[in-house]
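J.: okay, predicted coordinates and the sequence, questions at the end:
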Amino acid sequence: MSLEKKDEHDHRGWIQKRDLTPVEKGYLMVLVYLDRRLRIVDYLELLEDLYYKVNMQMPKSHTEQYNLDNKFWYWYPLYALGSFSTIAYVVAALSGALLGFYYAPATTGDPSGAYNQIVFIMTDLNFGFMLRSIHRWAAQVMVAAVFLHMLRVYFTGAYKEPRELNWILGIVLISLTMVFGYTGYLLPWDQLAFWAGQIGVEMSLSIPLAGEWVAQLLFGGFTLSQATLQRMYILHVFLLPFIVTTLIAVHIGIVWMQGIAEPH
Amino acid sequence: MRLYKTVTVFATLIAMVAVILGFVALDVATNRAQASPDEVNVVLALAGLGSIVLGAFVYAFSTRFRTAGMGKSKDESDEGSGNG
């Protein structure tokens, strides 16, 4: 397909031969006039063509191969929870990237630099309140959706052979989602965050044998300090995003390849 | 099919622009709904409302034109499926 002019549909002739009201005729004339000058539709058709050609190069998914779109169960609402959590993850990632422009993980000052930045985002920054709200809600929705997704998979028996690996991967992902939530929860460095951090340190210390080591590694010491906030920040904005994004891609890739388990 | 695409693409585009500009005009005229009644720019406000209505009309009117296979509320579709 090219932008070269094809044997064109005779718009004008078509309009003449129809029995149209003056308003309809004028309406169509204006649109056809615009179409003649701004060839937007041609470019859209080009994109459409490109889309199909690229699609032809992709290996067939399980769904396409066995023509599953025509099965009613495929559209059960609870089967959308996985997509729903993915969308929430993307929304959280985008809003989080924007929040990152304004946040600084500093415990210095009273109240701390981190908290001051949160206050700045919430009260002074244009759309800041909305941005942080979107980030928070996306996080809440993701945790809820991931949990319900797990319930759905469990109760429909979708975790069974040959999908055990993806179930295990899902368990890892739901755990990492909660770590994501926890690290983000500490970032405002307000009372809620501080004492949640304190609980985290003490929970780490309660682990037999490895407790002190874990507390040192995750919280940078046995009491909360700048090191704690810094580690939570790096976990939240650097380490976890890479790991979780990769694992989600693998998780979805396996579903794509194996197909969604049919309900029995 | 081609005419249907023309109608859909351009009608949607025009409707979007008209409605958005309408709301912008309304916002400007009423100082984002903060203005007291006597300092509202009535002409601009009406122009904004008009633009919104125009956009809605353009969009709604575009749904009169259908292509083969879409069915028509009353009679047959507007075009044959030959040139799609």
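T.: Perfect, I can see it now.
J.: flag the shaky bits of the chain, pLDDT-wise.
T.: With no chain named, the answer covers chain A. Within chain A, the segments meeting pLDDT under 70 span A:1-9, A:264.
J.: actually, chain B is the one I wanted.
T.: For chain B, applying pLDDT under 70 flags the ranges B:71-84.
J.: contacting residues around A:Ala93?
T.: A:241, A:245 (Cβ atoms under 8 Å, 6 or more residues apart in numbering or on different chains). Placement of C-beta: from N, CA and C, glycine included.
J.: show me what counts as buried in the helix or strand containing A:Val41.
T.: Assigned by DSSP states H and E, A:Val41 falls within helix A:40-57. Under the neighbour-count criterion of 16 or more other Cβ atoms under 10 Å in any protein chain shown, helix A:40-57 has A:41-42 buried.
J.: and it, what does it pack onto?
T.: Packing contacts for helix A:40-57, counted by 3 or more Cβ pairs under 8 Å, 6 or more residues apart in numbering or on different chains; DSSP states H and E, involve helix B:2-29.
J.: the helix or strand that comes right after the helix it packs on near chain A at all?
T.: Next helix or strand after helix B:2-29 toward the C-terminus (DSSP H and E): helix B:42-62. Yes. Judged by Cβ under 8 Å from any Cβ of the partner chain, helix B:42-62 comes into contact with chain A through B:58, B:61.
J.: got phi/psi on the residue lying closest to A:Phe194 once chain neighbours are set aside?
T.: Excluding its sequence neighbours, the residue lying closest to A:Phe194 (Cβ to Cβ, 6 or more residues apart in numbering or on different chains) is A:Leu224, at 6.3 Å. Per-residue torsions, A:Leu224: phi -70, psi 140 (degrees, to the nearest 10).
J.: okay, now A:Leu224: neighbour count?
T.: By other Cβ atoms under 10 Å in any protein chain shown, 21 other residues sit near A:Leu224.
J.: same thing with B:Leu54?
T.: 16.
J.: ok, it touching B:Ala18?
T.: Yes. The criterion here is Cβ atoms under 8 Å, and B:Leu54 meets it with B:Ala18 at 5.1 Å.
J.: chain center to the host helix or strand of A:Glu64, what's the gap?
T.: For A:Glu64, the element it lies in under DSSP H and E is helix A:62-65. A distance of 24 Å separates the centroid of the chain from that of helix A:62-65, by Cα atoms, centre = their mean, to the nearest Å.
J.: what does it contact?
T.: A:68-69, A:74, A:256-260.
J.: swap in 10 Å and give it another go.
T.: A:55, A:58-59, A:68-69, A:71, A:74, A:255-260 (Cβ atoms under 10 Å, 6 or more residues apart in numbering or on different chains).
J.: okay, buried residues for it please.
T.: Here helix A:62-65 shows no buried residue, counting by 16+ other Cβ under 10 Å.
J.: what residue, apart from its backbone neighbours, is nearest A:Leu148 spatially?
T.: Here the residue nearest A:Leu148, using Cβ to Cβ, 6+ apart, is A:Leu81, at 5.1 Å.
J.: gap between that neighbour and A:Leu46?
T.: Using Cβ to Cβ, to the nearest Å, we find A:Leu81 at a distance of 36 Å from A:Leu46.
J.: just A:Tyr74 next, same as before
T.: Taking Cβ to Cβ as the measure, A:Tyr74 falls 31 Å from A:Leu46.
J.: got it, and A:Gly157?
T.: 46 Å.
J.: please apply the same query to A:Val201.
T.: Taking Cβ to Cβ, one finds A:Val201 at 59 Å from A:Leu46.
J.: do B:Val17 as well
T.: For B:Val17, the distance to A:Leu46 - Cβ to Cβ - is 23 Å.
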